[in-house]
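**Student:** Sharing a model prediction with you, sequence too.
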Amino acid sequence: EAGVTQFPSHSVIEKGQTVTLRCDPISGHDNLYWYRRVMGKEIKFLLHFVKESKQDESGMPNNRFLAERTGGTYSTLKVQPAELEDSGVYFCASSSRRSNYGYTFGSGTRLTVV
Amino acid sequence: DQQVKQNSPSLSVQEGRISILNCDYTNSMFDYFLWYKKYPAEGPTFLISISSIKDKNEDGRFTVFLNKSAKHLSLHIVPSQPGDSAVYFCAAMNTGFQKLVFGTGTRLLVSP
């Protein structure tokens, strides 16, 4: 089966601009997660979708971040306007309802805000 | 407030020897623990997990030990191979919330 696909793999934008990251989960996976790793630190949870519904968005840093999952398939994460501290690697992961919690992660999008 | 800690940023071992990676946690509500392996420019890959009702889980060369009273878990790799060289992340969750809390990772280097 195809894995979790994220694009772009890299994005460099100026402070104040808008960036949209996309994640295509494994087909049939109801659960979709966004995580972020900043400056080589720990990987931190951002939010969790079950199908098209936001199950938990407690990790979203502020209202400059907007995540959507229309139709319960792919998801987008928009940052508007981007700030310097938003730089990092954004990972998407997906799992089925019967998984053993070993989520499948994508390769990530490295975002650099200059 | 880091709930999952990996105090060793790096570890070097020789091929064929045992690698022991350690992880400590503070939240007693965690009931499931996982280890992920990460190569550069790739996402984390699930390696092995353990439920809080167990104290050991084994999968081939990989064994995870859990000491709930000490809030400590460890990953043993025996024998270590050069292909095991990667960053290893410890993660924990409360299964009621399905939100992984990660440590900062330990970079393992296995030399031939």
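**Tutor:** Yep, it's here. Numbering: from 1, shown residues only, chains lettered A, B, ... in the order given.
**Student:** How about the residues of chain A by chain B?
**Tutor:** Proximity of chain A to chain B, by Cβ under 8 Å from any Cβ of the partner chain, involves residues A:4, A:31, A:33, A:35, A:40-45, A:48, A:55-56, A:58-59, A:91, A:93, A:100-108. C-beta: built from backbone N, CA, C; applies to glycine.
**Student:** Filter those residues down to the buried ones, ChimeraX style.
**Tutor:** Buried members of the residues of chain A next to chain B, defined by 16 or more other Cβ atoms under 10 Å in any protein chain shown, are picked up in ChimeraX with:
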select /A:4,31,33,35,42,43,44,45,48,55,56,59,91,93,101,102,103,104,105,106,107,108
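**Student:** Give me the number of neighbouring residues for residue B:38.
**Tutor:** 21 (other Cβ atoms under 10 Å in any protein chain shown).
**Student:** Read off the pLDDT value for it.
**Tutor:** For residue B:38, the model assigns a pLDDT of 95.
**Student:** wouldn't it be in contact with residue B:104 here?
**Tutor:** No - look at residue B:38 against residue B:104 with Cβ atoms under 8 Å: they stay out of range, at 11.9 Å.
**Student:** what does chain B put close to chain A?
**Tutor:** So chain B meets chain A at B:2, B:4, B:32, B:34, B:36, B:41-46, B:49, B:89, B:91, B:93, B:95, B:97-105 (Cβ under 8 Å from any Cβ).
**Student:** which neighbours do residue B:38 and residue B:104 share?
**Tutor:** Contact with both residue B:38 and residue B:104 is made by no residue, according to Cβ atoms under 8 Å, 6 or more residues apart in numbering or on different chains.
**Student:** Residue A:107 contacts residue A:8, doesn't it?
**Tutor:** No - between residue A:107 and residue A:8 there is no contact under Cβ under 8 Å: 11.0 Å.
**Student:** distance of residue B:103 from residue A:92?
**Tutor:** Using Cβ to Cβ, to the nearest Å, one gets 20 Å for the distance from residue B:103 to residue A:92.
**Student:** what's near enough to touch residue 59?
**Tutor:** As the question left the chain open, I've gone with chain A. A:44, A:45, A:46, A:47, B:99.
**Student:** try chain B instead
**Tutor:** residue B:48.
**Student:** So what pairs up with it in the strands?
**Tutor:** In this entry, residue B:59 is beta-bridged to residue B:62, by DSSP bridges.
**Student:** separation between residue B:69 and chain A?
**Tutor:** 23 Å (Cβ to the nearest Cβ, to the nearest Å).
**Student:** quick one: that residue from residue B:28, how far?
**Tutor:** Counting by Cβ to Cβ, the gap from residue B:69 to residue B:28 is 10 Å.
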